[in-house]
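>>> need coordinates for the following:
(2 chains, ligands or ions: 3)
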There are 2 protein chains.
Amino acid sequence: MTRLDSVIRRLTAQRDLLDWAAREVSAQGLVLELGLGNGRTYDHLRARLPGREIYVFERSPAAHPDCIPPEGYLIVGDIFETLPLFTERFGVGSAALIHSDIGTGDEEANRVLAQRLSPLLETLLQPGGMIIADRAFDLPSCTDISSRTGVAEGRYFVYRR
Amino acid sequence: MTRLDSVIRRLTAQRDLLDWAAREVSAQGLVLELGLGNGRTYDHLRARLPGREIYVFERSPAAHPDCIPPEGYLIVGDIFETLPLFTERFGVGSAALIHSDIGTGDEEANRVLAQRLSPLLETLLQPGGMIIADRAFDLPSCTDISSRTGVAEGRYFVYRR
Ligand SMILES: C[S@@+](CC[C@H](N)C(=O)[O-])C[C@H]1O[C@@H](n2cnc3c(N)ncnc32)[C@H](O)[C@@H]1O
Ligand code: NI
Ligand code: NI
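Ligands and ions are numbered 1, 2, ... in the order given. Next up, the predicted model:
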């Protein structure tokens, strides 16, 4: 498997899972995108979920100009500062879907990030709400339903509260 | 078509075409990769063409450490300086396959680049040699055989001398 093969596999799994989540997400509740990056997955989410409120969290926005969220929907700052404020503002259990893709190439840092982020995300999730992520999270109140999505094991992770 | 869809489509066309070229390339002659980038297509080429001499041209190497060419096979510098020297060293008509993926997001700059590069590449190509590129080149001595590769029209370009 070359690096070209593996990026295609990763992006395809990501797309398949976003498509799956767009079909499965409940009709009520906010959608959160953690990490705007160049805006690809945000672009995909907003196309699949027209009319839904999608909030995007990003420390240093640098996306393609076409992929910047509308006024008020881009929350700029370190997620460990902005997410608790967001929860205060919209309330515990306000999110129907959270997509997290904020990792880097550093596996150890990614693990620590997921550990720290897990309780913050769990608090925001409504009953039946879903977290989809490119790595495992530690979410005692959720069920790992990755195997029900059709995406190959270990490639992407899905949890439902 | 979202930006996520379109990157998947672009990378898949690139992979399909590199696989095609690896099957079609003649047994003799050098392989040239123009632009190392993060090293993905180089990694793919060397996997599909074991034992072949692959020279990589890159202005500012910044690839993944696993994807750096061996000593002597990475030609660092502006391609408009390094390519003529390379032709002097290995001779006119020494290349069996050239893969070019050195564009940026600036379409006008890409067009100018392809125009300037065309005669340099043509000189290097052996009879029957192939150029595959993410944009059109202007190569009077070559035939555009893109439509014979199975890749969707306009997505990738293939020329045979
Ligand atoms: C892998 S990229 C996201 C790519 C995106 N999903 C796409 O398709 O383009 C990760 C992003 O998360 C952001 N990020 C990482 N850690 C962060 C943090 N603690 N707070 C806010 N943003 C963060 C980075 O700046 C980066 O833009
Ligand atoms: Ni654009
Ligand atoms: Ni590595």
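
>>> what mean pLDDT does the longest strand seen in chain A get?
Using DSSP state E, we find that the single longest strand of chain A is strand A:125-133. Mean pLDDT, strand A:125-133: 97.

>>> what pairs with that strand, parallel or antiparallel?
strand A:95-100 (parallel), strand A:157-160 (antiparallel) (DSSP bridges).

>>> what's that strand in contact with?
For strand A:125-133, the external contacting residues (C-beta atoms under 8 Å, 6 or more residues apart in numbering or on different chains) are A:17-18, A:21, A:24-26, A:28-29, A:93-101, A:114, A:121, A:137, A:139, A:141-142, A:145, A:156-161. To be clear about C-beta, it is placed using only N, CA and C from the backbone, and glycine gets the same treatment.

>>> near ligand 1, from the residues you listed?
A:Asp101 (C-beta under 6 Å from any ligand atom).

>>> spatially central residue in chain A, please.
For chain A, A:His99 is the residue whose C-alpha lies nearest the centre (C-alpha atoms, centre = their mean; 1.1 Å).

>>> now do it against chain B, distance only.
Applying C-beta to the nearest C-beta, to the nearest Å, the value for A:His99 to chain B is 12 Å.

>>> correct me if wrong: that residue contacts A:Leu34.
Yes. The pair A:His99 / A:Leu34 is scored as a contact, 6.7 Å apart, by C-beta atoms under 8 Å.

>>> circling back: please name the bridge partners of the residue nearest to the centre of chain A.
Residues in beta-bridge contact with A:His99 (DSSP bridges): A:Glu33, A:Ile132.

>>> surely A:Pro61 meets A:Val76?
Yes. With contact defined as C-beta under 8 Å, A:Pro61 reaches A:Val76; the gap is 6.2 Å.

>>> can the longest helix along chain A be said to contact chain B?
For chain A, the longest helix by residue count, based on DSSP state H, is helix A:3-24. Yes. Counting by C-beta under 8 Å from any C-beta of the partner chain, contacts between helix A:3-24 and chain B involve A:3-5, A:7-8, A:11-12, A:14-15, A:18.

>>> mind checking which of the residues you listed are buried?
Among the residues of helix A:3-24 next to chain B, those buried by neighbour count (16 or more other C-beta atoms under 10 Å in any protein chain shown) are A:3-4, A:7-8, A:11-12, A:14-15, A:18.

>>> which pLDDT does the model give the residue in chain A positioned nearest to ligand 1?
Using C-beta to the nearest ligand atom, the closest approach of chain A to ligand 1 is made by A:Gly37 at 2.3 Å. You'll see A:Gly37 listed with a pLDDT of 96.

>>> and the gap between it and chain B?
Distance from A:Gly37 to chain B, counting by C-beta to the nearest C-beta: 11 Å.

>>> sec struct for that residue, please.
Using DSSP: H, G, I helix; E, B strand; the rest coil, the structure places A:Gly37 in coil.

>>> rewinding a little: from the contacts of strand A:125-133, keep the buried residues only.
Buried subset of these (neighbour count, 16+ other C-beta under 10 Å): A:17-18, A:21, A:24-25, A:29, A:93-101, A:114, A:121, A:137, A:139, A:142, A:156-161.
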